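Colleague: Below are the sequence and a predicted model for it; my questions follow.
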Amino acid sequence: MQRLRRLLKPNPETLHHLLVNYKWLWSIINSVTFLSDSLMTFVYLLRSNAVDSPPLYTSAHEYITLEASYNLSYYARGLPAVPTDCPTPMGIKGKRVLPDPKIVVERLFKRTVFKPEPMHSSLLLAYFAQHFIHQFFKTDHQKGPGFQWGGHGVDVSHVYGKNKHVENLLRSFQDGKLKTQVLNNEEYPPYQADVPGVPMTWMGQVADNNKFALGHQFFGMMPGLFLYATIWMREHNRVCDELRRVHPEWDDERLFQTGKLIIQGETIKIVIEDYVQHLSNYHFLVTFKPELLHTEVFQYQNRIAAEFDHMYRWHPLMPDEFNISGVVYPIMEFIFKSDLVVKYGTKVFTDSLSRQIAGQMTARNHGFLTQSVALDTIENGRKLRFQPYNNYRKNLDFPHTKFSELTDDPEVAATLEELYGDIDGVEFYAGLLSEKRRENNMFGALVIEMGGPFSVKGLMSTPICSPRYWKPSTFGGDVGFNIVKTASLEKLFCKNIPGDECPLISFVVPPENIPSSEKCENCKNDEL
Ligand code: HEM
Ligand SMILES: CC/C=C\C/C=C\C/C=C\C/C=C\C/C=C\CCCC(=O)O
C-alpha cells in the first residue's frame, strides 16, 4: 500500500513544472470553480499532511516525547536532531569537524556584487515578508536557539503587541481603535515617548522622532517595516469605522475584538492570494477558502518548526541601498530611520518600494549588515544538530546525488565540496542558500517544498478558519465577512493612503523601472 501510494504521489519537480507552465490550461482550470476548488483542496491537504500535527519532536530529544506536544516554549522540529553519539555532526556522512562558520560565511554567503532578484520581485515584497514572518519567528535567545516566545502562528501579534499589556497600551479605548498621531497630515502610530511601556529595541543613537511605539519591538529597525505597521494600524481603525456604521450600539471592546478578527482574516487572504501567489509563481490561482477543509480531516493547531525559521532567513532580498523617489540612501542611512516614511509620505514611499528590485535568494548575496545573521544561523543550526540539507530532500523523495545537481554554479559546487566533502554532509542553511533556482521561480526547490507545507498548515489552521468561527457573525455580519473575503494588497494600501490616486502597489517591479541590463525571459513583468 505504502509503495503504491509512493508511486502515485506526484514528483515535486513534475508538479512544479506543470504549475509554472501551460498557462492556457490553468486559465481554463481557474475559471471553472469546481475544478479550481478541487485542486485547492488537494493542495491544502497535500501540503498540510506533510507536517506532523501534533508535533513529534523538539530540539531537546531526537525521539518522541510528550513535551514536544505540551511545552510551547520550544520550536517544533521538521526532522529530529542528529543523535549526539553519531560519528559525524551530520550523522554518518560528511566531515568529522565542520568548517569554521566564519569561513562558511566568507566563502558562501558574503556579497561581493549585488545580485538582483531574477523574477524582479520588489522591495515591497521583501518588506511584506519580513513584517509578516516576525509575528511567529521569535527565537528566545536567553533560553537558546531551540526556544521561542511567540504564539506559533498567524496571531497578528505584530500589529497588536506580544501580550495583553502591550495591546492595551496601543489601544485608544475609543471606538475600538488603536492610538495614532497626525504628522505631515497623515496618521501614524504614536511616538514611544507618548506611550511609555511599549517595548521597542533600538541600537546606537536613535533620535526621538524615529522612535515609534509599534506592535513588534524590531519594527523600528527598517522604514519598510514601519510603513507596513502604519498601514495595518490605519486598516484596523478603518475597519472599526465600518463596523461602527453597521453596529452603532457596539462598545469599544466589541469593535476592537471584531476588528482584530477581521485583520487576521485579511492578513491570511492577502498572504495566500497576493504573497504566496507571487512566491509560487504558479499559473494556478491559489485561493483562501477555509470552507473547503470543513468536510476533510484537518487539525486546527500549528507549531512553528526551527527549520522553518532558519529557512525563512531571506536576508539576500535586502539591497545595499534604497532609492526613495530618486534619492539613494545607503543602508546605514536607512536603518532606524522611520521618519523617512513621514518625510516622503506613505504614497511616495510605497511607490518607491514597488519600483526597486530586491536581491536574489542565492549564494554569495548577503549584504554586509546581515552576514552576522548568517553566521548566527550556521552556528545555531549546529547547536540544534540539524540533519544535513540532503536529508530534508530525501524526506520529500527528491535527494541530490552530487554537488553539480545542487547548484549550477561550478564555483559554488566546488566550494561546497571542499567545505563539506560529501553531498550528504552539507549543512542545512548552506545547502538551502546554494541551491539552484527552480524553473520560473525565485527560490531553490527545497524552500518551496518545505515552506509550502509549513505555510499552508500555519495559515489554514488559524482559529478563524475552523467551522465554528468561519461565518459572518464572527466578523460582525456580512460587512465584516466581506472585508475579509475581498481583501487584497492593493486595497490594503489604496484604502489607507490619502489622496485620490493610488501609488504603484506591486510585488513585481514594472518594466520601466528595470535597468536594461536586467531584462529577463519568463519574468512576470514581461506579461504586464
Ligand atoms: C536589512 C534588513 C534586515 C536586517 C538588518 C535583519 C536583521 C536581523 C537580525 C539582527 C536578526 C537576529 C539574528 C540573530 O538571531 O542573531 C534577524 C533574524 C531574522 N530575520 Fe532578519 N533582517 C533583515 C531582513 C530580513 C528579511 C527580509 C527577512 C525575511 C523575509 C528576515 C528574516 C529573518 C528571520 C526569519 C529571522 C529569525 C527570527 C527569529 O528567529 O527570532 N530578515 N534579522
Ligand atoms: C505560521 C506560518 C504561516 C504562514 C506562513 C505563510 C506564508 C509563507 C509563505 C511562503 C513560505 C515559503 C515558500 C512557499 C512558497 C510557495 C508555496 C506555494 C504553495 C504550495 O505549493 O504549497
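Modeller: Arrived safely. Computed from a predicted model, the values in this text were never measured in an experiment. Numbers count the residues shown, from 1 in each chain. Ligands and ions are numbered 1, 2, ... in the order given.
Colleague: Does R244 belong to a helix, a strand or coil?
Modeller: Following DSSP: H, G, I helix; E, B strand; the rest coil, R244 is assigned to helix.
Colleague: So which bits of the stretch 1-150 of the chain are right by ligand 1?
Modeller: A126, A129, Q130, I133, F137, K138, T139 (Cβ under 6 Å from any ligand atom). Backbone N, C-alpha and C define where each C-beta goes, glycine included.
Colleague: Might you calculate how far the host helix or strand of the first one sits from the centre of the chain?
Modeller: Right, the one you point to is A126. Counting by DSSP states H and E, the element that carries A126 is helix 123-133. Remark: helix 123-133 is offset 7 Å from the chain centroid, using Cα atoms, centre = their mean, to the nearest Å.
Colleague: now for it, which elements pack on it?
Modeller: Applying 3 or more Cβ pairs under 8 Å, 6 or more residues apart in numbering; DSSP states H and E, one finds that helix 123-133 contacts helix 223-246, helix 346-354.
Colleague: ranking the residues of the stretch 1-150 of the chain next to ligand 1 by neighbours, who comes first?
Modeller: A126 (25 neighbours; other Cβ atoms under 10 Å).
Colleague: Now for that residue: which residues touch it?
Modeller: Contact partners of A126, counting by Cβ atoms under 8 Å, 6 or more residues apart in numbering, are G224, W314, L317, M318, A358, G359.
Colleague: ok, now with 6 Å
Modeller: A126 makes contacts with L317, A358, as judged by Cβ atoms under 6 Å, 6 or more residues apart in numbering.
Colleague: Got the confidence number for it?
Modeller: We have a pLDDT of 98 for A126.
Colleague: ok, it to ligand 2 distance?
Modeller: With the distance defined as Cβ to the nearest ligand atom, to the nearest Å, A126 ends up 13 Å from ligand 2.
Colleague: Same question for H216.
Modeller: Taking Cβ to the nearest ligand atom, one finds H216 at 15 Å from ligand 2.
Colleague: Would you mind giving the secondary structure of N323?
Modeller: strand.
Colleague: what about stretch 299-312, how long is it end to end?
Modeller: 24 Å (Cα to Cα, to the nearest Å).
Colleague: now the helices for the stretch 351-500 of the chain?
Modeller: Counting by DSSP state H, counting those that start in this stretch, the stretch 351-500 of the chain has these helices, from start to end: 371-383, 389-395, 403-406, 410-420, 428-434, 445-460, 478-485, 489-494.
Colleague: Up against ligand 1, what does the stretch 151-300 of the chain have?
Modeller: Checking the stretch 151-300 of the chain against ligand 1 by Cβ under 6 Å from any ligand atom, the hits are M222.
Colleague: any chance you could map the strands in the stretch 151-300 of the chain?
Modeller: Per DSSP state E, counting those that start in this stretch, the stretch 151-300 of the chain carries strands over the ranges 181-183, 186-188.
Colleague: so E62 sits right up against R77, yeah?
Modeller: No. Applying Cβ atoms under 6 Å, one finds E62 not in contact with R77, separated by 8.7 Å.
Colleague: quick one: which of these two has more around it?
Modeller: Remark: of E62 and R77, R77 carries more neighbours, 27 against 18, as counted by other Cβ under 10 Å.
Colleague: for the closest residue to that one other than its chain neighbours, phi and psi?
Modeller: Using Cβ to Cβ, 6 or more residues apart in numbering and skipping residues adjacent in sequence, the residue nearest R77 is Y57, 4.0 Å away. Per-residue torsions, Y57: phi -130, psi 150 (degrees, to the nearest 10).
Colleague: wait, isn't Y57 in contact with A68?
Modeller: Yes. Using Cβ under 6 Å, Y57 is in contact with A68, at 5.4 Å.
Colleague: Identify the contacts common to the two.
Modeller: Contacts common to Y57 and A68, judged by Cβ under 6 Å, 6+ apart, are absent.
Colleague: Report pLDDT for S516.
Modeller: Reading off the confidence values, S516 has pLDDT 80.
Colleague: what sits against the closest residue to M318 other than its chain neighbours?
Modeller: Leaving aside its chain neighbours, M318 sits nearest to G367 (5.7 Å; criterion: Cβ to Cβ, 6+ apart). G367 is in contact with R111, M318, D320, counting by Cβ under 6 Å, 6+ apart.
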